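> Okay, sequence plus prediction incoming.
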Amino acid sequence: MTQVLVLNCGSSSIKYELFEMDEGRALASGLVERIGEAKSCLKQTSAECTSNPPSHVAEVAVPHHRQGIDMIRRVLSENASFDGGRHLVGIGHRVVHGGETFSRPTLIDDHVLAAIKGLIPLAPLHNPANLVGMEVARAAFPDVPQVAVFDTAYHQTLPRYAYHYAVPQDWYDSYHVRRYGFHGTSHQYVAKQLARHLGRPAGELNTIVLHLGNGCSASAIRGGVSVDTSMGLTPLEGLMMGTRCGDLDPAILIHMGKEAGMSLAALDAALNKQSGLKGLCGVNDMREVLAMEADGDGAANLAVEIFVYRIKKYIGAYHAVLGRLDAIAFTAGIGQHSPEIRARSCSDLESMGIAIDPALNTAAEPPICEIQTADSRVKVLVVSTDEELEIAQQTLACVRDDQ
Ligand code: AMP
């Protein structure tokens with residue numbers, strides 16, 4: 001038996017998932033949240049299906065990440081299949097920003113930690129929390145190889161003209177301003193699943209992946225390689241999201257600074273936390289937005305119309321980028337679960353060879369399902385993403401490469 005543990009450390013939470021790698025099966029998963037608050041919380045799901053409600057919830061004081069990881073280690077020790085960690089061959093850490101330094105999963109050592117630290121200016125909220133997780137896990141599991149898997153790495157293949165912004169060259173040279181893209185493990189996993197399902201080598205397929213969750217991003221994948229993606233220097237650019245604005249005329253910031261006296265911090269909060277679906281109709285959960293729209297709410301209707309219009313624009317743009325388009329994949333919370341958003345995003349695209357079959361769309365089942373009409377030239381698929389499994393697989397490959 002070969003096991004890999006995946007850790008995703010946020011500023012006040014640690015998610016974990018233990019995989020049995022021979023079958024790609026989750027053995028245990030859970031979450032420690034509200035770390036540092038008076039009432040922290042440990043949620044465990046010991047069954048295979050991590051989307052189940054947690055099987056065990058405990059309120060405990062977890063003052064810092066070190067204790068959170070200790071708690072996870074203790075919880076795993078009680079799990080018979082963990083067997084004292086005897087089968088654990090690696091720990092994979094999700095790291096949000098790898099900048100231009102990291103284009104592949106990387107074994108963690110002191111130099112790697114220092115390089116990730118150097119990238120903090122590019123991800124000031126995420127990379128510090130990821131680093132704490134890596135440092136604490138190294139101390140807790142000193143004999144287990146640890147691997148950093150970067151959200152940005154898959155998009156390091158973008159050509160120069162796709163990742164450069166048309167701003168003074170010094171912004172790139174001195175401040176590393178460029179498109180990095182995010183959700184890389186999800187885009188990569190979905191592209192692989194799609195190729196496997198279609199029975200064709202990934203290297204032959206041109207695909208658009210639409211990751212539509214609370215955060216949303218699109219990518220253009222040529223022959224298994226990311227050639228463009230909608231998120232940019234940060235995960236704010238591109239598609240409209242739950243609370244993020246997506247594409248925007250940058251002069252709007254200058255205008256709001258001058259006219260409304262908004263500070264940089266206020267603009268940051270407005271664009272990241274008070275925009276998108278939430279900014280337009282007050283809620284960021286697409287299920288609620290769709291229910292409000294069905295009840296005749298005009299603001300919700302506008303929010304959904306903008307949401308699907310922007311997806312459609314990216315489909316058109318990336319179709320042009322790829323030339324020949326073989327498949328479109330919908331994934332993540334909204335992409336996997338909302339037939340309505342899928343249908344509206346792909347409406348009236350028959351002239352581009354894209355048509356969804358309403359019955360197949362409504363009946364789509366995980367983990368992967370084709371929903372295009374019989375005469376649609378482009379295949380349209382609903383694919384369940386699994387970023388943790390992808391991190392586990394990349395971790396295992398990285399550990400084995402090193403042996
Ligand atoms: P994720 O970030 O991938 O967990 O996705 C979260 C988003 O998926 C939220 O906006 C949810 O409202 C949305 N979502 C989940 N289930 C559904 C559904 N059945 N219909 C529409 N949106 C959904």
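Sure, I can see it. Numbering: from 1, shown residues only.

> So what does the most far-flung residue of the chain relative to its centre have for phi and psi?
Here the chain reaches farthest from its C-alpha mean at residue 259, the gap being 35.2 Å by C-alpha atoms, centre = their mean. The phi/psi pair for residue 259 (degrees, to the nearest 10) reads phi -80, psi -40.

> Pull the contacting residues for it.
The contact partners of residue 259, by C-beta atoms under 8 Å, 6 or more residues apart in numbering, come to none. Every residue, glycine included, has its C-beta placed from N, CA and C.

> now do the one 4 residues further on
Neighbour list for residue 263: residue 257 [criterion: C-beta under 8 Å, 6+ apart].

> For the ligand, what's the nearest residue on the stretch 251-400 of the chain?
residue 333 (2.0 Å; C-beta to the nearest ligand atom).

> Can you show me the CA trace of the one helix or strand residue 393 maps to as CSV?
Residue 393 belongs to helix 387-402 when assigned by DSSP states H and E. What follows is helix 387-402, C-alpha atoms only, in CSV (Å, rounded to 0.1, in the frame of the first residue of the first chain):
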residue,chain,number,x,y,z
GLU,A,387,-7.4,19.1,-6.9
GLU,A,388,-6.3,17.1,-3.9
LEU,A,389,-5.9,13.8,-5.8
GLU,A,390,-3.9,15.7,-8.5
ILE,A,391,-1.6,17.1,-5.8
ALA,A,392,-1.3,13.6,-4.4
GLN,A,393,-0.4,12.1,-7.8
GLN,A,394,2.1,14.9,-8.5
THR,A,395,3.6,14.4,-5.1
LEU,A,396,4.1,10.7,-5.6
ALA,A,397,5.6,11.3,-9.1
CYS,A,398,8.0,13.9,-7.6
VAL,A,399,9.1,11.6,-4.7
ARG,A,400,9.6,8.6,-7.1
ASP,A,401,11.6,10.8,-9.6
ASP,A,402,13.9,11.7,-6.7
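
> buried stuff in that helix?
If you call a residue buried by 16 or more other C-beta atoms under 10 Å, then helix 387-402 has these buried ones: 387, 388, 389, 390, 391, 392, 393, 394, 395, 396, 398, 399.

> Which positions in this structure make contact with the ligand?
213, 214, 242, 285, 286, 287, 332, 333, 334, 337, 338 (C-beta under 6 Å from any ligand atom).

> Format the buried residues of helix 387-402 as a markdown table; extra columns: pLDDT and distance to residue 298.
Output for the buried residues of helix 387-402, formatted as a markdown table (pLDDT from 0 to 100; distance: C-beta to C-beta, whole Å):
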| residue | pLDDT | distance to residue 298 |
| --- | --- | --- |
| 387 | 97 | 36 |
| 388 | 97 | 39 |
| 389 | 97 | 41 |
| 390 | 98 | 40 |
| 391 | 98 | 42 |
| 392 | 98 | 45 |
| 393 | 98 | 46 |
| 394 | 98 | 45 |
| 395 | 98 | 48 |
| 396 | 98 | 51 |
| 398 | 97 | 51 |
| 399 | 97 | 54 |
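
> could I get these as CSV with distance to residue 74?
Below are these laid out as CSV (distance: C-beta to C-beta, whole Å):
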residue, distance to residue 74
387, 25
388, 21
389, 24
390, 27
391, 23
392, 21
393, 26
394, 27
395, 22
396, 24
398, 27
399, 24
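
> Nearest to residue 379 among these?
For those, the closest approach to residue 379 (C-beta to C-beta) belongs to residue 390, at 21.5 Å.

> in terms of contact, does that closest one touch residue 187 like I think?
No. When contacts are counted by C-beta atoms under 8 Å, residue 390 is not listed as touching residue 187 (9.6 Å).

> Could you pull out the helices in the stretch 301-403 of the chain for me?
332-337, 339-345, 358-363, 387-402 (DSSP state H, counting those that start in this stretch).

> now the stretch 51-200 of the chain
Ranges of helices in the stretch 51-200 of the chain, per DSSP H, counting those that start in this stretch, are 65-77, 110-118, 127-140, 160-163, 169-175, 184-198.

> quick one, which of the ones you listed is packed in tightest?
helix 184-198 (a mean of 23; mean count of other C-beta atoms under 10 Å).

> tell me which strands and helices the following helix or strand past it is in contact with?
Using DSSP H and E, the helix or strand that follows helix 184-198 in sequence is strand 206-212. When contacts are defined as 3 or more C-beta pairs under 8 Å, 6 or more residues apart in numbering; DSSP states H and E, strand 206-212 sits against helix 184-198, strand 216-222, helix 298-322, strand 327-331, helix 332-337.

> Mean pLDDT for those - can I get that in JSON lines?
Below are those laid out as JSON lines (pLDDT from 0 to 100):
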{"stretch": "helix 184-198", "mean pLDDT": "98"}
{"stretch": "strand 216-222", "mean pLDDT": "98"}
{"stretch": "helix 298-322", "mean pLDDT": "98"}
{"stretch": "strand 327-331", "mean pLDDT": "98"}
{"stretch": "helix 332-337", "mean pLDDT": "98"}
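
> and residue 137, which of the ones you listed is closest to it?
Of the helices and strands packed on strand 206-212, nearest to residue 137 by C-beta to C-beta is helix 184-198, at 18.3 Å.

> Which residues does the closest one contact?
94, 149-155, 201-202, 205, 207, 209, 211, 217, 219, 221, 224, 226, 229, 326-327, 329, 331-332, 367-368, 370, 379, 381, 383, 385-387, 389-391, 394.

> again, only this time at 7 Å
149-155, 201-202, 205, 207, 209, 211, 219, 221, 224, 226, 327, 329, 331-332, 368, 379, 381, 383, 385-387, 390-391 (C-beta atoms under 7 Å, 6 or more residues apart in numbering).

> filter those residues to the buried ones?
149-155, 202, 205, 207, 209, 211, 219, 221, 224, 226, 327, 329, 331-332, 368, 379, 381, 383, 385-387, 390-391.

> Okay, now the sheet partners of the helix or strand of the chain with the lowest mean pLDDT, with direction.
None of the helices or strands of the chain scores lower by mean pLDDT, DSSP states H and E than strand 56-60, at a mean of 78. Sheet partners assigned to strand 56-60 using DSSP bridges are listed as strand 40-45 (antiparallel).

> mind saving the C-alpha coords of the strand it pairs with as PDB?
Presented in PDB, the C-alpha positions along strand 40-45 are these (Å, rounded to 0.1, in the frame of the first residue of the first chain):
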ATOM      1  CA  SER A  40     -11.500  26.200  16.700                       C
ATOM      2  CA  CYS A  41     -13.100  23.300  15.000                       C
ATOM      3  CA  LEU A  42     -12.000  19.900  13.700                       C
ATOM      4  CA  LYS A  43     -14.100  18.200  11.100                       C
ATOM      5  CA  GLN A  44     -13.300  14.700   9.900                       C
ATOM      6  CA  THR A  45     -14.700  12.700   7.100                       C
END
